[in-house]
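K.L.:
compute the structure for the input listed below.
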Amino acid sequence: MIKVTNDIFSTVADRDYLSFFDKDVPKYNRVIEFLDFKKEDISAATEVPLSSVRYDKKIPKELHDRIKEWANLLNLVAEYFKGDAAKTAIWFTAPNPLLGNVSPRDMIRLGRYKKLYQFIFNALAENKR
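P.N.:
Down below sits the predicted model:
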């Protein structure tokens, strides 16, 4: 369960540390490359049929929304690491004992984004105390 903090805006990164957005539109390919996902990974993570996975103006709304959420989450972690993309990438790929020795990247790939989001949000809230 997400804990309540005094800062209701802490669910969004202060800025786009990883250059994932063009205004408010995610740069889909940059996010996908950062996570090192294949189309099959995207399909499994979002439950969008493989044949519908695309990153142009006809991107399915659900896929657009999920990639936008991932980009924000990646930026929240990057914010913790003071914008260091390398540290952020390492954190997302390293098995995490608090996640059952599953990497955060794999949590997303396995469709467990919401659980990962809660984990990260709670950890960041605890760190601000």
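
K.L.:
ok, now which ones touch Leu35?
P.N.:
Going by C-beta atoms under 8 Å, 6 or more residues apart in numbering, Leu35 touches Asp41, Trp70, Leu74, Phe92, Arg105, Ile108, Arg109. To be clear about C-beta, it is placed using only N, CA and C from the backbone, and glycine gets the same treatment.

K.L.:
what about it, distance to Arg109?
P.N.:
Counting by C-beta to C-beta, to the nearest Å, the gap from Leu35 to Arg109 is 8 Å.

K.L.:
give the residues shared as contacts by those two.
P.N.:
Asp41.

K.L.:
looking at the contacts of Leu35, which one is closest to Asp24?
P.N.:
Among the contacts of Leu35, Trp70 lies closest to Asp24 (C-beta to C-beta), at 14.7 Å.

K.L.:
next, count neighbours for the closest one.
P.N.:
Trp70 has 25 neighbours, counted by other C-beta atoms under 10 Å.

K.L.:
what does Arg30 give?
P.N.:
17.

K.L.:
quick thing: my sequence starts at 885, can you match it?
P.N.:
Sounds good: first residue 885 from here, last item Arg914.
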